[in-house]
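Student: Show me the folded form of this:
(2 chains)
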Amino acid sequence: MANVELKNLTKKYGDVIAVQNMDLFIPHNEFLVLVGPSGCGKSTTLRMIAGLEEITGGEIFIDDQLVNEKDPKDRNVSMVFQNYALYPHMTVEENLGFSLKIAKVDKKEIEERVKEAVQILGLQELQKRKPSQLSGGQRQRVAMGRAIVRRPDAFLFDEPLSNLDAKLRTQMRTEIKKLHQKLQTTIVYVTHDQVEAMTLADRIIIMKDGYIEQIGSPIDVFNNPVNVFVATFIGSPPMNILTANIIKKDAKLFFELDENILMPCPESKFDYLSKKENVIIGIRPEDITPTISSNSSENIWNFEKNIDLVEPLGTETQIFIKLNNKEIISRMYNQREIKIGQKIEFSINLNKIHIFDKDTEKVIK
Amino acid sequence: MNRKFFSSPALLLLPSILAIGFVIIIPLLFSFYTSFTSYKLTRPDSLYNFVGLRNYERLIDNVKFWAAFGRTILFLAVVLNLELLFGLGIALLINKITWGQRTLRTIMMFPMMFSPILVGFQWKYIFNDNIGLLNNFLYLFGYESAIPWLIDKYLAMGSIMIAEIWANTSIFAILLLAGLLGIPRDPIEAARVDGCNSWQVFKNITLPFLMPFIFIALTIRSLDVGRAYDIVHIMTGGGPAMRTELLWTMIARIGYKDANMGFANAMSYVSIILSIAFTYYFFTKLVAARRELGQQ
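Tutor: I've put the predicted structure just below:
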């Protein structure tokens, strides 16, 4: 039952900047996901909130109280670690009840709360076992149970699913989401997996080199990435990115996607782009599809190209082509027969393309 | 000729079997045999004078032997506990240091590098009642009557213990430091977030992780301390009036000074029981501690 606020938070290791001037307000009950490549400062941020990492500059508030100088034990947050960090010499039950025992909670209440957590997470059969006798998924569950039992102000998850196999990961992801709905608590969740971020988050923060690149709802960051980094980081397979020259023809502007393939530029961008020589074009694989019928509406633009490679996945088929010597992925959602080397027509919805500045890599609005 | 015996596995193992035979098994059997004879070093022919269990019977009635036996247990108990306590303290402190840890580790091991005989001499002169450093130091602070550190019946034992602890605490410290460095960081951090203060983290997380190392150190050191001889021999020679006589100083005296090797060997075999008992006890504890951590 608390919000978390970071003000101008900075962390340096010597001269290396891990987190730079981070400002963030996490309202009560929000599921916030910090995502980014390794070394982007997301885990450091989480560890600073937990109090495991000293702060170089700035302030952290939990429940409107400044906690900079407080020990981890006095912050009333729970943390779930990547490799579970269970206490190997304690049984599942003892692991779950440990924090309450330390807090000198009444024995009967400990029992009740452990029982409750055991039921929520389905650990009934395993209570007397030691962590070494549990599978990865079960350990993960115990680690979450240990966090739940405390009824903390906020949950901190540090890449909790990255040690699990793919199937279990999907399953636990769903469980974490359900858990959040049940517990109604603030969650800060760190991951490098954009799928986890998209599926779990109320709000995503994409970080890179200690800076926040973009904050927004999963759909918002997916549809409106502010720069090339966010555009390629969110979405799988990643957005196709290619550099295109700008060509003037009949008072109109075109992007040269490849030799003799000129994509018309949206009119709204004429003013800005007429001064530029080239831009970065971003097209999501699902926005570049083989033409189904020839009902070309105004915003659909078609071109023809030879197929380099085909990867059928069942629900979709990924088609690889080359534009300006860059590999471009196209997603086809029907099971039409196509062959490598065949020349087919592709359609691009011009409303859905992303245009980025060549130098700053920022989106051109 | 038996072909099986000279098959290649047996042939290849032969050098090791011979080495172990000559170095361990034959001397062991020989000494065990002599404990049933009245073998005196000065009279080699007494080696064949088989006396049956008489040496052992004499032993059971020998009050001095059992006094030394009890004294050795006391010596072991005090020295092991204090070395563990100091060693653990030092290891915890060094583990906290972020700068100069290697240098400190090396310096800490200096006492281990001295020959125990030299350590004995060194402490003998520190504790000397006339010219000793300690008494002279106390004199500076106005304590004028000389304390007979190595002559007093209680102080002598304590002085030897101090020398022993000084020389060997670092073994504990090194072994426990290795244990500390091997503890994963995560459970400790989890405990801190779970509400533990430093003492609770130590008691609930660090110590259980350290237990196997503690028992390994205790096993090694119980064998070492159990055969303490050189320091005692140099510092007090077992005196005053045999008040610091430990098992092995007594055995050495009877075996070599009195040349009564048969009897001394009988004593040795009884003394070994003590070492075996300690080793067995600590080893059981070690296995239990490892099972506790799920390491098996």
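
Student: Return the residues in contact with the residue nearest the centre of chain B.
Tutor: Centroid-nearest residue in chain B: residue B:225, 1.6 Å away (criterion: Cα atoms, centre = their mean). Contacts for residue B:225 (Cβ atoms under 8 Å, 6 or more residues apart in numbering or on different chains) come out as B:75, B:76, B:79, B:80, B:164, B:168. (Glycine included, C-beta is placed from N, CA and C.)

Student: Is the helix or strand harbouring residue A:116 positioned near chain B?
Tutor: According to DSSP states H and E, residue A:116 maps onto helix A:107-121. No. Helix A:107-121 does not reach chain B (Cβ under 8 Å from any Cβ of the partner chain); its nearest approach is 13.1 Å.

Student: for residue B:295, helix, strand, or coil?
Tutor: Classification of residue B:295 by DSSP: H, G, I helix; E, B strand; the rest coil places it in coil.

Student: just so I have it, where are all the helices in chain A?
Tutor: Here chain A has its helices, by DSSP state H, at A:42-50, A:92-102, A:107-121, A:136-149, A:166-183, A:194-200, A:218-223, A:228-233, A:270-273.

Student: and the third one, which residues are buried?
Tutor: Neighbour-count burial for helix A:107-121, with 16 or more other Cβ atoms under 10 Å in any protein chain shown as criterion, is recorded at A:110, A:113, A:114, A:115, A:117, A:118, A:120, A:121.

Student: Nearest to residue B:119 among those residues?
Tutor: residue A:110 (52.3 Å; Cβ to Cβ).

Student: what sits against the closest one?
Tutor: A:97, A:100, A:101.

Student: Residue B:158: which of these is nearest?
Tutor: Nearest to residue B:158 among those: residue A:101, at 41.2 Å, using Cβ to Cβ.

Student: Tell me how far the nearest residue to that closest one once chain neighbours are set aside lies from chain B.
Tutor: Nearest residue to residue A:101 in three dimensions, chain neighbours excluded: residue A:110, at 6.5 Å (Cβ to Cβ, 6 or more residues apart in numbering or on different chains). To chain B, residue A:110 is 13 Å away according to Cβ to the nearest Cβ, to the nearest Å.

Student: rewinding a little: could you flag which of the contacts of residue A:110 are buried?
Tutor: Buried among those by 16+ other Cβ under 10 Å: A:97, A:100.

Student: Pipe the contacts of residue A:110 into TSV and attach pLDDT and distance to residue A:199 per row.
Tutor: Shown next, in TSV, are the contacts of residue A:110 (pLDDT from 0 to 100; distance: Cβ to Cβ, whole Å):
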residue	pLDDT	distance to residue A:199
A:97	93	31
A:100	93	32
A:101	92	35
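
Student: Name the residue of the stretch 101-250 of chain B that lies nearest to chain A.
Tutor: At 3.4 Å from chain A, residue B:186 is the closest residue in the stretch 101-250 of chain B, using Cβ to the nearest Cβ.

Student: quick one, strands of the stretch 151-300 of chain A?
Tutor: Under the criterion DSSP state E, counting those that start in this stretch, the stretch 151-300 of chain A contains strands at A:154-158, A:186-191, A:203-208, A:211-216, A:240-249, A:252-258, A:261-264, A:278-283, A:288-290, A:300-306.

Student: Out of those, which is closest to chain B?
Tutor: Nearest of those to chain B, taken as Cβ to the nearest Cβ: strand A:154-158 at 8.0 Å.

Student: What are the buried residues along that closest one?
Tutor: Neighbour counts over strand A:154-158 (16+ other Cβ under 10 Å) mark A:154, A:155, A:156, A:157, A:158 as buried.

Student: so how far is that strand from its chain's centroid?
Tutor: 15 Å (Cα atoms, centre = their mean, to the nearest Å).

Student: what packs against that strand?
Tutor: helix A:42-50, strand A:77-80, strand A:186-191 (3 or more Cβ pairs under 8 Å, 6 or more residues apart in numbering or on different chains; DSSP states H and E).

Student: Show me how chain B divides into domains.
Tutor: B:1-26, B:63-292 (automatic domain parsing).
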